[in-house]
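>>> Here is my input, please return the structure:
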Amino acid sequence: MTQALPHTTGTLAADLRALGLAAGDMVIVHSSMRAVGSLAGGVQAVVQALLDVLTPDGTLIVPTHTPSNSDPAEWSKPPVPPSWWPVIREQSPGFDPARTPSQWMGVLPEVVRAWPGAVRSSHPQVSFAALGGQAVAVVGEHPLEDGLGELSPLGALYRAYGKVLLLGCGHGRNTSLHLAECRQKPPVLVEHGAAVREPSGGSRWVTWTAPDADASDFEQLGAAYEAENGVLLGKVGNAECRLMPQRALVDFATRWLGSHRV
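You can find the predicted model right below:
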């Protein structure tokens, strides 16, 4: 039996175009590299394919979140002793867009974050990185109290009529749905804390109040959206993919959450 050849930058780009991604698009990508299959050049080939399709006029966005940069008093997996809390708050190096790696986002966001020309937002827990023509416009401003709301990169994507690409993963990873959470009236507010690196090299602990982020029903929400609106389906490499307009998705999710969450 002849073994299939690995996917290349060229074949991946062709798959992305067939799916519906186009030059000049602004798109946020959530991904599972394991689902894509064998690659000539690894994850770099996937990022290059995305950039080749988008062209310099387009914009690629990825989540580069750092969820462990949070108040240790809230940790449960595992919890840490109360005697540790002040040490963690006072001695953590602090979030720095240029230094701090993303956590639990997968390998593709890390490659994008480190790509020449990438711009990363300053939020210490829910930052985003972007490459392309509108990168600064999308991630240049990111208020602490509005990490996933209207003034966040998700809001900028919404206003620009951007797209969402789920590359080998489901709606449980679809960060744009959090924008719909922030639009609930009233949203569920929770307290947050994180360490931030100062220009001098030290760090400080900051706190703020923001809407709670709960993705527990996002798969159900995504299925409901697809049943009513449909999405573009196809394969990129071996990965089952979904491409959809973010604005329509968020508008639907805002209504759905309002009627399905008590």
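>>> Phi and psi next, for A129.
phi -120, psi 150 (degrees, to the nearest 10).
>>> Now do the buried residues in stretch 250-261.
V250, D251, F252, A253, T254, W256, L257 (16 or more other Cβ atoms under 10 Å). The way it works is simple: take the backbone N, C-alpha and C, and place the C-beta from them, glycine included.
>>> I'd like to know how far the third one sits from R173.
It refers to F252. Noted for F252: a distance of 18 Å to R173, by Cβ to Cβ, to the nearest Å.
>>> which residue is nearest the middle of the chain?
Most central in the chain under Cα atoms, centre = their mean is P63, positioned 2.6 Å from the mean C-alpha point.
>>> partners of it in the sheet?
With DSSP bridges as the criterion, P63 is bridged to F128.
>>> wait, doesn't it sit right on H123?
No: P63 is beyond contact range of H123, at 10.6 Å (criterion: Cβ atoms under 8 Å).
>>> ranges for the strands of the chain?
26-31, 59-63, 119-120, 128-132, 163-167, 189-197, 203-211, 232-236, 239-245 (DSSP state E).
>>> Remind me what the third one packs against, helices and strands.
Strand 119-120 makes packing contacts with strand 128-132, helix 135-139 when contacts are defined by 3 or more Cβ pairs under 8 Å, 6 or more residues apart in numbering; DSSP states H and E.
>>> Recalculate using a threshold of 10 Å.
Strand 119-120 is packed against helix 107-114, strand 128-132, helix 135-139, with contacts defined by 3 or more Cβ pairs under 10 Å, 6 or more residues apart in numbering; DSSP states H and E.
>>> quick revisit: between the strands of the chain, which one is nearest to L148?
strand 203-211 (7.1 Å; Cβ to Cβ).
>>> Any chance of the strands of the chain in a markdown table with distance to W84 as columns?
Shown next, in a markdown table, are the strands of the chain (distance: least, Cβ to Cβ, whole Å):
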| stretch | distance to W84 |
| --- | --- |
| strand 26-31 | 33 |
| strand 59-63 | 28 |
| strand 119-120 | 28 |
| strand 128-132 | 30 |
| strand 163-167 | 37 |
| strand 189-197 | 14 |
| strand 203-211 | 14 |
| strand 232-236 | 43 |
| strand 239-245 | 40 |
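>>> and these as TSV, adding distance to V112 and mean pLDDT?
Formatted as TSV, those follow (distance: least, Cβ to Cβ, whole Å; pLDDT from 0 to 100):
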stretch	distance to V112	mean pLDDT
strand 26-31	8	98
strand 59-63	5	98
strand 119-120	9	98
strand 128-132	5	98
strand 163-167	12	98
strand 189-197	21	96
strand 203-211	25	95
strand 232-236	16	98
strand 239-245	17	98
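>>> so which of these gets nearest L179?
With Cβ to Cβ, the closest approach to L179 among the strands of the chain belongs to strand 203-211: 9.7 Å.
>>> Partner strands of that closest one, with direction?
Partners of strand 203-211 in the sheet, by DSSP bridges, are strand 189-197 (antiparallel).
>>> mind listing what's buried in the strand it pairs with?
Neighbour counts over strand 189-197 (16+ other Cβ under 10 Å) mark H192, G193, A194, A195, V196, R197 as buried.
>>> who touches both of P63 and H123?
Shared contacts of P63 and H123, defined by Cβ atoms under 10 Å, 6 or more residues apart in numbering, comprise L148, P153.
>>> returning to what we had before: from S176, how far off is the residue nearest to the centre of the chain?
For P63 relative to S176 (Cβ to Cβ), the value is 10 Å.
>>> Can you pull the poorly scored residue ranges out of the stretch 1-150 of the chain?
Low-confidence segments of the stretch 1-150 of the chain (pLDDT under 70): 1-2.
>>> what sits against the residue lying closest to G37 once chain neighbours are set aside?
Once flanking residues are discounted, G37 sits nearest to N238: 3.6 Å by Cβ to Cβ, 6 or more residues apart in numbering. Listed by Cβ under 10 Å, 6+ apart, the contact set of N238 reads A4, H7, D15, R34, A35, V36, G37, S38, G168.
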